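> Compute the structure for the input listed below.
(chains A and B)
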Amino acid sequence: DVKVTQSSRYLVKRTGEKVFLECVQDMDHENMFWYRQDPGLGLRLIYFSYDVKMKEKGDIPEGYSVSREKKERFSLILESASTNQTSMYLCASRGDRRKPLYGYTFGSGTRLTVV
Amino acid sequence: AQSVAQPEDQVNVAEGNPLTVKCTYSVSGNPYLFWYVQYPNRGLQFLLKYITGDNLVKGSYGFEAEFNKSQTSFHLKKPSALVSDSALYFCAVRDRSGNTPLVFGKGTRLSVIA
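Predicted coordinates for the structure are as follows:
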């Protein structure tokens, strides 16, 4: 089975800090995604990447950036954390772009609290 | 633009009764449709998907979903609910062009009461 690993389950950071959320997948997937999950708002797409060094903005990219230097790793960066970025962050990957019918595999999520 | 509506924030059902979690969608052309489930403090797990063919799709844990093109709906169903089915359920859609990301609904919390 594909495994998507998010490095931290819980994270507490201070306002203004630079925060890195790491996601690693072990099945050579090309597509990777970052969503945030908030009660009543569901999952909202922040950024996604179709391949190494490629990135696309999702629906709510403001305040975030991403890095994909290696195929297996997709990092989400909060340049200057703010309290409104307190949320659950979910990483997902999907297989070969030539097989877009595959569903996503999700990591367990990182619950970030910004104080 | 693609969108998904899950009109119920919460669904309560007695154990052993049938359950339905509703989903309607909007997409250009024909859709790919998915259901995911999330248990507390976990990521989302894939339940089932509709790609083409039979409108009734069977998935994991005894769940099924019916694709209705005229009503643009993809409701999740199970004939007999279990307490262990209590979780948060998400419907998702994408169009058939290219390799676009999934768009998710806001989620429906299912509570199955013993």
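> Can you see whether the lowest-mean-pLDDT helix or strand in chain B contacts chain A, counting any residue in it?
Ranking every helix and strand in chain B by mean pLDDT, DSSP states H and E puts strand B:44-50 at the bottom, with a mean of 91. Yes. Judged by C-beta under 8 Å from any C-beta of the partner chain, strand B:44-50 comes into contact with chain A at B:44, B:45, B:46, B:49. Every C-beta, even on glycine, is put in place using the N, C-alpha and C of the backbone.
> if you skip the residues just before and after it, what's nearest to residue B:84?
Counting by C-beta to C-beta, 6 or more residues apart in numbering or on different chains, the nearest residue to residue B:84 once its immediate chain neighbours are dropped is residue B:112, at 7.7 Å.
> again, but for residue A:37
Using C-beta to C-beta, 6+ apart, the nearest residue to residue A:37 is residue A:88, at 4.3 Å.
> Just list whatever residues bridge to the one you found.
residue A:37, residue A:111 (DSSP bridges).
> ok, residue A:103 - contacts?
A:94, B:34, B:36, B:46, B:49 (C-beta atoms under 8 Å, 6 or more residues apart in numbering or on different chains).
> In space, what's closest to the last one - neighbours in sequence excluded?
Same thing as residue B:49. residue B:34 (4.7 Å).
> now the one you found: how far from residue A:104?
Between residue B:34 and residue A:104 the distance is 8 Å, computed by C-beta to C-beta, to the nearest Å.
> partners of the helix or strand hosting the residue nearest to residue B:84 in the sheet?
Assigned by DSSP states H and E, residue B:112 falls within strand B:108-113. Partners of strand B:108-113 in the sheet, by DSSP bridges, are strand B:10-14 (parallel), strand B:87-95 (antiparallel).
> Next SSE downstream of the first one?
It refers to strand B:10-14. strand B:19-21.
> isn't residue B:21 right up against residue B:112?
No. Using C-beta atoms under 8 Å, residue B:21 makes no contact with residue B:112, being 11.6 Å away.
> SS state for residue A:84?
Classification of residue A:84 by DSSP: H, G, I helix; E, B strand; the rest coil places it in helix.
> Count the residues that sit near it.
Neighbourhood size, residue A:84 [other C-beta atoms under 10 Å in any protein chain shown]: 9.
> Now do it against residue A:70, distance only.
Distance of residue A:84 to residue A:70, given as C-beta to C-beta: 30 Å.
> Kindly report the same for residue A:110.
19 Å.
> Neighbour count: the two, which is higher?
residue A:110 (22 against 11).
> Would you mind giving the contacts of residue A:103 as a markdown table with neighbour count and distance to residue B:57 added?
Below are the contacts of residue A:103 laid out as a markdown table (neighbours: other C-beta atoms under 10 Å in any protein chain shown; distance: C-beta to C-beta, whole Å):
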| residue | neighbour count | distance to residue B:57 |
| --- | --- | --- |
| A:94 | 24 | 19 |
| B:34 | 27 | 10 |
| B:36 | 26 | 14 |
| B:46 | 17 | 12 |
| B:49 | 18 | 7 |
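> wait, doesn't residue B:105 sit right on residue B:4?
Yes. Counting by C-beta under 8 Å, residue B:105 touches residue B:4, with 3.8 Å between them.
> any chance of the strands paired with strand B:108-113 in CSV, plus mean neighbour count and mean pLDDT?
Output for the strands paired with strand B:108-113, formatted as CSV (neighbours: other C-beta atoms under 10 Å in any protein chain shown; pLDDT from 0 to 100):
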stretch, mean neighbour count, mean pLDDT
strand B:10-14, 13, 98
strand B:87-95, 23, 94
